[in-house]
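1. Next input, structure requested:
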Amino acid sequence: MVSSEAKTGLKTPDAEWAEKWEAVIGLEVHVQLLTRSKIFSGAPTAYGAAPNTQASAIDLGLPGVLPVLNGEALRMAVMFGLAIDAHIAPRCVFARKHYFYPDLPKGYQISQYELPIVSQGHLDIEVEGQARRIGITRAHLEEDAGKSLHEGFGDQSGIDLNRAGTPLLEIVSEPDLRSPAEAVAYLKKLHQLVVYLGICDGNMQEGSFRCDANVSVRRKGEHKFGTRTETKNVNSFRFVEKAIAYEIERQIEVLESGGAVVQETRLFDPDRGETRAMRSKEEAMDYRYFPDPDLLPVVCTQEYIEGIRRQLPELPEAKKARFMDHYGLPAYDAGVLTAERALADYYEAVVESSGADPKLCANWVITDLLGGLNKLGCELAASPVSAGALAGLLKRIVDKTVSGKLAKEVFEAMLAGEGSADQIIAARGLVQITDEAAIVAAIEAVMAKNPSQLAEYRAGKDKLFGFFVGQVMKATQGKANPEAVNKLLKEKLASP
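-> Numbers count the residues shown, from 1 in each chain. Next comes the predicted model:
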């Protein structure tokens with residue numbers, strides 16, 4: 001039996017097996033490109049349409065039709081290649097990959113084989129403070145297949161060809177990964193990158209970003225790869241980690257008991273936290289690749305490539321470095337704010353519109369905004385508080401209309417949809433008291449009501465200062481300017 005610890009998928013590089021064994025992991029990731037039409041036809045790619053309503057004659061493989069390459073899909077592939085510092089092929093070719101399955105109406109898939117559009121790139125990851133460079137062997141364009149449906153049809157299956165022809169970029173890593181944690185770090189970095197570039201929506205639940213994990217093990221010090229298995233179509237970071245951890249433990253157990261690992265395709269069962277055999281794969285399948293005679297070779301001139309390079313957005317690592325340098329943010333804050341391009345844009349809009357200190361803005365975005373959205377269970381795109389609205393609240397902190405504490409109350413009301421900061425401040429009467437005479441009057445009233453505490457404070461019990469601050473704030477319903485309260489209170493308490 002595989003240990004229950006393995007089923008959690010939380011094994012780390014310093015697990016027991018790492019003393020005697022080394023895992024060798026490579027990932028194949030299918031990224032659905034964010035085009036409005038398919039890679040070789042004008043049919044739409046929108047998710048969730050009724051079955052077989054978005055499949056054109058080309059997608060159905062009807063006689064007499066010819067595919068035409070979607071130029072936007074090509075541009076996105078080149079953009080990705082430039083972002084990973086890869087080689088962009090000046091000439092690439094589409095090939096027919098032959099296999100027979102009900103959801104593949106042509107009997108072949110148009111893909112790339114010997115001449116992919118992208119090759120020899122890399123991604124840098126960090127796990128437990130250790131930086132590693134993971135090679136990317138290739139990234140090639142291909143069309144997606146349809147989908148077989150097995151529920152609701154009795155002893156038959158249904159076929160939905162809406163997805164057939166959807167443009168994919170298959171990204172194949174080198175077998176450079178050595179632990180489940182490294183695999184997840186690489187996958188998250190890749191996910192972040194394709195979403196930043198705007199070439200994929202990254203929705204793993206809808207299949208826009210899905211992963212096949214190739215796993216083998218070998219004894220420490222060996223150079224020859226062990227027999228690998230391929231776990232197909234894992235659709236969450238947590239499941240990838242669990243599937244790989246389980247597979248490593250399973251293979252080690254097989255080898256240590258004197259058995260041999262079988263080269264096969266496996267599926268991950270998330271309910272049981274384990275992989276199980278799907279079909280044997282003793283030898284690589286003969287897909288009978290040959291150049292597609294209906295598609296001309298694609299030529300990418302240097303001018304074309306450089307034009308796309310100029311369109312590249314600022315990438316996550318560069319943006320993080322700029323946030324630290326330009327805004328003076330610590331590495332943690334900069335990392336959180338640049339994890340998603342939309343969040344980074346939101347933060348910069350808040351800083352620009354509010355005129356507030358960048359660190360103050362960062363605190364509000366990271367703690368209050370993200371914390372509030374988490375409680376509401378909604379994404380940033382659906383936030384009830386826009387960047388302009390949050391900036392409006394921070395302006396009122398800067399000009400001392402409200403204190404930081406009262407601003408929290410205002411923000412909660414903004415999240416609840418009660419209006420803008422100014423509307424809520426006016427409706428609730430939350431304008432901060434900055435008039436020194438009014439604050440002195442409140443202090444004197446508090447001192448008069450608490451003579452024994454006043455005597456103790458003047459006798460040397462300094463800790464009572466906090467008591468008086470609290471009483472003054474209570475008397476002013478939290479509206480007194482805290483800085484003014486502290487300054488004036490010290491003066492009045494010191495006076496006999």
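
2. what's stretch 122-137 in contact with?
-> 12-13, 84-86, 118-121, 171-174, 176-177, 179, 181-182, 185-186, 189-190, 193, 317 (CB atoms under 8 Å, 6 or more residues apart in numbering). Yep, even glycine has a C-beta here, placed from its N, CA and C like the rest.

3. Next: stretch 489-496.
-> Taking CB under 8 Å, 6+ apart as the rule, stretch 489-496 contacts Val440, Ile443, Glu444, Met447, Leu454, Tyr457, Arg458, Phe465, Phe468, Val469, Val472.

4. Which residue is the nearest non-sequential neighbour of the residue nearest the centre of the chain?
-> For the chain, the residue nearest the mean C-alpha position is Gln192 (4.9 Å; CA atoms, centre = their mean). Spatial nearest neighbour of Gln192, excluding adjacent residues (CB to CB, 6 or more residues apart in numbering): Pro316 at 5.8 Å.

5. per-residue pLDDT, Ala18?
-> Looking at Ala18, its pLDDT is 79.

6. So it lies in a helix, does it not?
-> Yes: Ala18 forms part of a helix when assessed by DSSP: H, G, I helix; E, B strand; the rest coil.

7. Kindly provide the distance from it to Ala181.
-> 11 Å (CB to CB, to the nearest Å).

8. Those two - which one has more neighbours?
-> Ala181 (21 against 16; other CB atoms under 10 Å).

9. burial of Arg96, as a residue count?
-> 20.

10. Packing partners of the host helix or strand of it?
-> In this structure, Arg96 is located in strand 95-98 according to DSSP states H and E. The helices and strands touching strand 95-98, judged by 3 or more CB pairs under 8 Å, 6 or more residues apart in numbering; DSSP states H and E, are strand 108-111, strand 290-291.

11. go with 6 Å
-> strand 108-111 (3 or more CB pairs under 6 Å, 6 or more residues apart in numbering; DSSP states H and E).

12. Tell me which strands the strand it packs on pairs with, and in which orientation.
-> strand 95-98 (antiparallel) (DSSP bridges).

13. Contacts made by the strand it pairs with with the rest, please.
-> Tyr108, Gln109, Ser111, Tyr113, Tyr287, Arg288, Tyr289, Pro291, Asp292 (CB atoms under 6 Å, 6 or more residues apart in numbering).

14. remind me which residues of the stretch 251-400 of the chain are low pLDDT?
-> 280-285 (pLDDT under 70).

15. what ranges do the helices span in it?
-> Taking DSSP state H, counting those that start in this stretch, the helices of the stretch 251-400 of the chain run over residues 302-311, 316-327, 331-337, 341-354, 358-363, 370-376, 387-398.

16. In JSON lines: these, plus mean neighbour count and distance to Gly154.
-> Output for those, formatted as JSON lines (neighbours: other CB atoms under 10 Å; distance: least, CB to CB, whole Å):
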{"stretch": "helix 302-311", "mean neighbour count": "12", "distance to Gly154": "50"}
{"stretch": "helix 316-327", "mean neighbour count": "16", "distance to Gly154": "49"}
{"stretch": "helix 331-337", "mean neighbour count": "18", "distance to Gly154": "51"}
{"stretch": "helix 341-354", "mean neighbour count": "19", "distance to Gly154": "45"}
{"stretch": "helix 358-363", "mean neighbour count": "19", "distance to Gly154": "57"}
{"stretch": "helix 370-376", "mean neighbour count": "13", "distance to Gly154": "42"}
{"stretch": "helix 387-398", "mean neighbour count": "20", "distance to Gly154": "53"}
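
17. Out of those helices, which gets nearest to Ala55?
-> With CB to CB as the criterion, Ala55 lies closest to helix 302-311 of the helices of the stretch 251-400 of the chain, at 30.2 Å.

18. now the closest one: how far from the chain's centre is it?
-> 27 Å (CA atoms, centre = their mean, to the nearest Å).

19. by contact count, what packs against that helix?
-> By 3+ CB pairs under 6 Å, 6+ apart, helix 302-311 packs against helix 71-83.

20. Beta-bridge partners for Pro167, please?
-> Glu143.

21. Is it correct that it is in contact with Ala73?
-> Yes: between Pro167 and Ala73 a contact is recorded at 4.1 Å, counting by CB atoms under 6 Å.

22. list the residues that contact both of those two?
-> Leu33, Thr35, Ile39.

23. roughly how far apart are the first one and Tyr304?
-> If I follow you right, that is Leu33. In terms of CB to CB, Leu33 sits 18 Å off from Tyr304.

24. try the last one
-> Plainly put, Ile39 is 18 Å away from Tyr304 if you go by CB to CB.

25. for the shared contacts of Pro167 and Ala73, which one is nearest Asp212?
-> Of the shared contacts of Pro167 and Ala73, the one sitting nearest to Asp212 (CB to CB) turns out to be Leu33, at 17.9 Å.

26. Not counting sequence-adjacent ones, nearest residue to the closest one?
-> Nearest to Leu33 is Pro167, by CB to CB, 6+ apart, at 4.2 Å.

27. How about the contacts made by that neighbour?
-> Per CB under 6 Å, 6+ apart, neighbours of Pro167: Leu33, Thr35, Ile39, Ala73.

28. hey, where'd the strands end up in the stretch 201-350 of the chain?
-> 209-219, 229-234, 264-269, 274-280, 290-291, 298-299 (DSSP state E, counting those that start in this stretch).

29. Out of those, indicate the one that is most buried.
-> strand 209-219 (a mean of 21; mean count of other CB atoms under 10 Å).

30. Show residues contacting that strand.
-> Contacts of strand 209-219 (CB under 6 Å, 6+ apart): 21-31, 191, 202, 225-226, 228-235, 240, 244, 247-248, 251-252.

31. go on, stretch 357-371?
-> So stretch 357-371 is contacted by Tyr327, Leu329, Asp333, Val336, Tyr347, Val350, Val351, Phe411 (CB under 6 Å, 6+ apart).
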